[in-house]
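Asker: model the structure of this input:
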Amino acid sequence: MRLVGIAVSSLVLLSACSSGRDIHGAKRALLIDEAFNEIFVGYDLSGEDYRTFVQKSDGEYEESIAAVFSDGVFIVENVTEDQYLLLRRTSNPPVAELYLSSSDDIDLSDAELGRPGQVIPAPETFLELDITGLSPWESGDRLELVGVNLGVIADLIQGASTGTPAVGADAIDSLTVDLAARGIPLFNADLGDHFAVAQLEQKTDADLPYRALTKIFNPPAGNIISAMRTVVSGNFVDVPQNSSRSIAVSGASFAAMAATVHANAVPANGFAWIQTLPAAAQHGFYYQGPELASFSFSGENTTVDLTYGDPYPSNWDDLLVSIFDFDVAYTASGATSSTTISAQIITAGILGEVLAPGISPVRDVHISQVRADKPLAGVGDAPVIAWNAPATGTPAGYRIVAYELSRAENGSTAIAQFVTVYTKDLGFRFPSASFPPGEYVMEIIALEDPGMDLERAPHRTALPSSNASMLTPIFQP
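Answerer: Below is the predicted model:
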């Protein structure tokens, strides 16, 4: 079975031929707007491929192809075994996902911030900003465009074509962003859309520098017209610095996981931020919300004392989120330079006073019954990957991401995501002919999340949540 692309080519594949049960599935977005309204919007699945595979007693796989619909629903008829593999595949972009499940109903939906009916503008739809009252600009400050009703949380400096402030500037002068180029929808005041611009500036406590929200610009709601330039001007106002938090950062606990991530993993710095988000208490860390404060941290224990402003509604939920990176270098055969894959430890929870990992990576990984502590060859085109549970944390399940390595034309190492697998088990057997000749790496991500059900709703989340990755050496079929 070829996982990427449209054609399926399995060495041992049967068509569904005996009576079984129907599997009902959905691929939709649960949209949550600024007023906490929630609505499911289905994706048009006509360009996607869904099918199930069940292994029969003789080892052969029986395939059933799903009927897909424009409202985000798919139905697979006559699935003849309790447990099945659901394959979701798209060609543009090329995506292959496998879900191991026994459920009659599987919902691949996720929650997203914003209202339905968003419209991406035509090219050269410009938003131009002229705002006085900026705190003297410093390198490392952030200027954030916030349009929660559209799910817009954007760094204006990174996306600006003109007008980025110089160090020491006390105003924003003709800062211009092409909304189409940034993928930012049109603002429609009649549908409740409005935006704000927040300045987050550098501060320092006794131990760590950090960034905090200090200024806000809230222009009157208005419409932005496609293919036109909209000029908005006004003044920043000070946001009272009446929010504070002292956070004990267990950097050493993050760094100590390096040996479990990979034998050659190099701990990089961590990054943590406080964000606010509507309905996070119900739906978890489902979206990047407006930033209130942020800081970087190392692999050492420390305490950071934060003072910041919060101009957003009090019924939004404040979260503390962190990412700690471990870099692992890989070099494909014949390549003259390596590429780096970053394994991550991610945590998210209602704002508290301690920052520490919630779950550790899986342990004692084997590929086709051989310990994966060095490069492996001859593991077969249908490898079995197995592991022991993490030493800490309670996983809801695991996500496996397989990457393919190759030599690029310029001699560097190229990497492409090959397939993603979701399973509750401590291992996974790939279907026959899954891996053509080549070089691969697998990332195994332990998922701790009380709202996640990998067999019924693998993309729904709750709080607190934590992920921990490990990376295998290179292996060849």
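Asker: quick one: residue 200 from residue 270, how far?
Answerer: As defined by CB to CB, to the nearest Å, residue 200 lies at a distance of 18 Å from residue 270. The C-beta positions use only the backbone N, C-alpha and C, and glycine is treated the same way.
Asker: show me what the residue nearest to residue 105 when sequence neighbours are not counted is bridged to.
Answerer: Distance criterion CB to CB, 6 or more residues apart in numbering; nearest residue to residue 105, sequence neighbours excluded, is residue 24 at 5.1 Å. Counting by DSSP bridges, residue 24 forms beta bridges with residue 75, residue 105.
Asker: ok, residue 24 - contacts?
Answerer: 73-75, 104-106 (CB atoms under 8 Å, 6 or more residues apart in numbering).
Asker: out of the residues you listed, which are buried?
Answerer: Among the contacts of residue 24, those classed as buried by 16 or more other CB atoms under 10 Å are 73-74, 106.
Asker: and of these, the nearest to residue 397?
Answerer: Ranked by distance to residue 397 (CB to CB), the buried ones among the contacts of residue 24 are led by residue 106 at 13.5 Å.
Asker: does residue 371 touch residue 364 like I think?
Answerer: Yes. In this structure, residue 371 is within contact of residue 364 by CB atoms under 8 Å, at 7.4 Å.
Asker: please give the element, helix or strand, for residue 398.
Answerer: Counting by DSSP states H and E, the element that carries residue 398 is strand 397-407.
Asker: can you get me a residue count around residue 181?
Answerer: Residue 181 is flanked by 14 other residues according to other CB atoms under 10 Å.
Asker: cool, residue 380 as well?
Answerer: Neighbour tally, residue 380, other CB under 10 Å: 16.
Asker: count of neighbours near the residue lying closest to residue 210 once chain neighbours are set aside?
Answerer: Distances taken as CB to CB, 6+ apart place residue 295 nearest to residue 210, at 3.8 Å, with adjacent residues excluded. Using other CB under 10 Å, residue 295 is surrounded by 24 other residues.
Asker: distance of the closest residue in space to residue 280 that isn't next to it in sequence relative to residue 349?
Answerer: If you skip the residues right next to it in sequence, residue 280 has residue 317 as its closest partner in space, 3.8 Å away by CB to CB, 6+ apart. Here residue 317 is placed at a distance of 10 Å from residue 349 (CB to CB).
Asker: go on, residue 319?
Answerer: From residue 319 to residue 349 the distance is 7 Å (CB to CB).
Asker: between the two, which is the more surrounded one?
Answerer: More crowded of residue 319 and residue 349, by other CB under 10 Å: residue 319, with 24 against 19.
Asker: that one falls within a helix, correct?
Answerer: No. With DSSP: H, G, I helix; E, B strand; the rest coil as the criterion, residue 319 is assigned strand and is not in a helix.
Asker: partner residues bridging it?
Answerer: Bridge pairing for residue 319 - DSSP bridges - gives residue 275, residue 350.
Asker: so what's it up against?
Answerer: Counted by CB under 8 Å, 6+ apart, residue 319 has contacts 274-277, 280, 285, 289, 348-351, 463.
Asker: redo that, cut-off 10 Å
Answerer: 273-277, 280-281, 284-285, 289, 292, 347-352, 463-464 (CB atoms under 10 Å, 6 or more residues apart in numbering).
Asker: so what pLDDT did it get?
Answerer: With respect to pLDDT, residue 319 scores 98.
Asker: next one: residue 14
Answerer: 40.
Asker: just residue 1 next, same as before
Answerer: 52.
Asker: neighbours around the closest residue to residue 169 other than its chain neighbours, how many?
Answerer: Nearest residue to residue 169 in three dimensions, chain neighbours excluded: residue 137, at 4.5 Å (CB to CB, 6+ apart). Burial of residue 137 is recorded as 21 neighbouring residues (other CB under 10 Å).
Asker: cool, and residue 203?
Answerer: As a burial measure, residue 203 scores 18 neighbours (other CB under 10 Å).
Asker: list the strands paired with whichever strand or helix holds it, with their directions.
Answerer: Using DSSP H and E, residue 203 falls within strand 196-204. Applying DSSP bridges to the sheet, strand 196-204 is found paired with strand 142-147 (antiparallel), strand 209-217 (antiparallel).
Asker: what would these look like in a markdown table with distance to residue 119, mean pLDDT and mean neighbour count?
Answerer: Formatted as a markdown table, the strands paired with strand 196-204 follow (distance: least, CB to CB, whole Å; pLDDT from 0 to 100; neighbours: other CB atoms under 10 Å):
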| stretch | distance to residue 119 | mean pLDDT | mean neighbour count |
| --- | --- | --- | --- |
| strand 142-147 | 13 | 98 | 21 |
| strand 209-217 | 24 | 97 | 21 |
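Asker: can I get those in JSON lines with distance to residue 430?
Answerer: Below are the strands paired with strand 196-204 laid out as JSON lines (distance: least, CB to CB, whole Å):
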{"stretch": "strand 142-147", "distance to residue 430": "42"}
{"stretch": "strand 209-217", "distance to residue 430": "44"}
